[in-house]
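Colleague: what's the 3D shape of this:
(2 chains)
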2 protein chains.
Amino acid sequence: MNLILVSHNDYIDGDCVLLSDRRFTHIRQVHRASIAQQLRVGLINGNSGTGEIIAIDDHSVTLKLNLTTPAITPLPLTLLLALPRPKMLKRILQCIASLGVKDIYLINSYKVEKSFWSSPVLSAASIEQQLLLGLEQSGDTLLPKVHIKKRFKPFIEDELPGIAENCLKLIAHPYQATPCPSNLSQATILAIGPEGGFIDYEVQRLLEQGFQAISLGQRILRVETALPVAIGKLFKL
Amino acid sequence: MNLILVSHNDYIDGDCVLLSDRRFTHIRQVHRASIAQQLRVGLINGNSGTGEIIAIDDHSVTLKLNLTTPAITPLPLTLLLALPRPKMLKRILQCIASLGVKDIYLINSYKVEKSFWSSPVLSAASIEQQLLLGLEQSGDTLLPKVHIKKRFKPFIEDELPGIAENCLKLIAHPYQATPCPSNLSQATILAIGPEGGFIDYEVQRLLEQGFQAISLGQRILRVETALPVAIGKLFKL
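Modeller: Predicted coordinates:
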């Protein structure tokens, strides 16, 4: 937890927040914090800055906030991600939140197991928890938006054209691939398939929408590795 | 397991191998393989190609190999990695093996907890197991070498100059950093600190050895994320 994230609900008056959950536990046990100590704090979807401890007891901590630093600039990336295995999804959401991705579409694909769609990991609360862990790690405050799209064809045909408009459209797919561009600063949308890859039908639908295949090299990478590799390659960080 | 890795010990005669361990279980349960089926097989530190099933029963499978494809070109990267937390280390070894890194020095740092050095994850057998999982994932055959260096100063002063000779020397460190180079094909050595970073003393010792600090952006990344991001950014894949 490199940044303690607070929400509007945590405010008790003016610029003070009262924390009594895992953030309190962290402040007490990891920071071993005491009165007058300054901690790094951020407001979800707002500024970041410092929080000075003005009261602490066995159950809660009160911080006086001074949040004047604007949020870190988001990565100009929208991610289309074939729904990963639930255990992977948790880790991947943390990872992409920590990297500054702000728009994530979890989409269906032939090779996504149907049972994944009924995992509790897809609940709004669970998704938010993973995203917050990613932001706390990276020191960022802007909460990514995760969109769940269970039907491939209607999503690709009806919604994707609007979402991908004016974006550079890329699909990580090793066949008929062009070299991966780098140091992009333009708006980009990147599609990443499930383990085993998108099937030909799915690749065709994306190519028809103007996507171009890019290769991440000869090695077959896990999604959780391919994502940071692709982001490192594509963007100025 | 995108590649079934065999060793010289698995050969029973000429170009045939007999497998009865987890590779057999995988072939039977995941591939649901039967006589005459062709599987992707690689010889550790050798070629890859196909293995045709010539016998299979409840306990073992015999494959006739035809291995004519040379190993994938290694990444020209030597990694100096402050020893991560044991649970992380397992995942990180898989990740970097899958990315084609072939030389990894696990080094000490002030912020590495002493207990990490006595973890069973550091046994040769455990390290090899994680590396093999990474190679099986990526389809590579060349086993990385992992060197364990428990004393920071003697390693940096006595061994590092020889190891880093003729290499581009980089340290992922956000202060006084130059922009991260990209599309490298030259031999490179990259130092990555522990969670919380190298301390000033350690950074100074590396700078004295000719290392230059590079930044991976404003966000603080976990080592397991920073590594693939850096590799994606630095190299042609």
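
Colleague: against B:Leu160, how distant is the most centrally placed residue in chain A?
Modeller: With distances taken as CA atoms, centre = their mean, A:Ala97 lies nearest the centre of chain A, 2.6 Å away. Summarising the geometry, the distance separating A:Ala97 from B:Leu160, computed by CB to CB, to the nearest Å, is 35 Å. C-betas here are computed from N, CA, C, even on glycine.

Colleague: can you check A:Leu19 too?
Modeller: Plainly put, A:Leu19 is 44 Å away from B:Leu160 if you go by CB to CB.

Colleague: between those two, which one's more packed in?
Modeller: Comparing A:Leu19 with B:Leu160 by other CB atoms under 10 Å in any protein chain shown, the one with more neighbours is B:Leu160, at 23 against 20.

Colleague: and that one, how far from A:His8?
Modeller: 51 Å.

Colleague: what ranges does chain A have for its strands?
Modeller: Secondary structure of chain A by DSSP state E: the strands cover A:4-6, A:11-13, A:16-19, A:38-43, A:48-56, A:61-69, A:77-82, A:103-107, A:145-149, A:168-172, A:188-192, A:212-214.

Colleague: next, format the ones you listed as JSON lines and append mean pLDDT and distance to chain B.
Modeller: Compiled in JSON lines, these are given as follows (pLDDT from 0 to 100; distance: least, CB to the nearest CB, whole Å):
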{"stretch": "strand A:4-6", "mean pLDDT": "98", "distance to chain B": "14"}
{"stretch": "strand A:11-13", "mean pLDDT": "94", "distance to chain B": "26"}
{"stretch": "strand A:16-19", "mean pLDDT": "97", "distance to chain B": "21"}
{"stretch": "strand A:38-43", "mean pLDDT": "97", "distance to chain B": "10"}
{"stretch": "strand A:48-56", "mean pLDDT": "97", "distance to chain B": "11"}
{"stretch": "strand A:61-69", "mean pLDDT": "97", "distance to chain B": "11"}
{"stretch": "strand A:77-82", "mean pLDDT": "98", "distance to chain B": "13"}
{"stretch": "strand A:103-107", "mean pLDDT": "98", "distance to chain B": "16"}
{"stretch": "strand A:145-149", "mean pLDDT": "98", "distance to chain B": "18"}
{"stretch": "strand A:168-172", "mean pLDDT": "97", "distance to chain B": "11"}
{"stretch": "strand A:188-192", "mean pLDDT": "98", "distance to chain B": "12"}
{"stretch": "strand A:212-214", "mean pLDDT": "95", "distance to chain B": "10"}
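
Colleague: related to what we said a few turns ago, just give the nearest non-adjacent residue to the residue nearest to the centre of chain A, would you?
Modeller: Nearest residue to A:Ala97 in three dimensions, chain neighbours excluded: A:Gly134, at 2.7 Å (CB to CB, 6 or more residues apart in numbering or on different chains).

Colleague: list the contacts for that neighbour?
Modeller: By CB atoms under 8 Å, 6 or more residues apart in numbering or on different chains, the contact list for A:Gly134 reads A:Leu93, A:Gln94, A:Cys95, A:Ile96, A:Ala97, A:Ser98, A:Leu99, A:Asp140, A:Pro144.

Colleague: dump these to a markdown table, plus pLDDT and distance to A:Pro194.
Modeller: Compiled in a markdown table, those are given as follows (pLDDT from 0 to 100; distance: CB to CB, whole Å):
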| residue | pLDDT | distance to A:Pro194 |
| --- | --- | --- |
| A:Leu93 | 98 | 16 |
| A:Gln94 | 98 | 19 |
| A:Cys95 | 97 | 16 |
| A:Ile96 | 97 | 16 |
| A:Ala97 | 98 | 20 |
| A:Ser98 | 97 | 22 |
| A:Leu99 | 97 | 20 |
| A:Asp140 | 97 | 27 |
| A:Pro144 | 98 | 20 |
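
Colleague: now which of those residues would you call buried?
Modeller: With neighbours counted by 16 or more other CB atoms under 10 Å in any protein chain shown, these contain buried members at A:Leu93, A:Gln94, A:Cys95, A:Ile96, A:Ala97, A:Ser98, A:Leu99, A:Asp140, A:Pro144.

Colleague: picking up where we left off before, got a markdown table for the strands of chain A, with distance to B:Ile171 too?
Modeller: Formatted as a markdown table, the entries for the strands of chain A read as follows, by distance: least, CB to CB, whole Å:
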| stretch | distance to B:Ile171 |
| --- | --- |
| strand A:4-6 | 28 |
| strand A:11-13 | 41 |
| strand A:16-19 | 36 |
| strand A:38-43 | 24 |
| strand A:48-56 | 26 |
| strand A:61-69 | 26 |
| strand A:77-82 | 27 |
| strand A:103-107 | 32 |
| strand A:145-149 | 35 |
| strand A:168-172 | 29 |
| strand A:188-192 | 29 |
| strand A:212-214 | 29 |
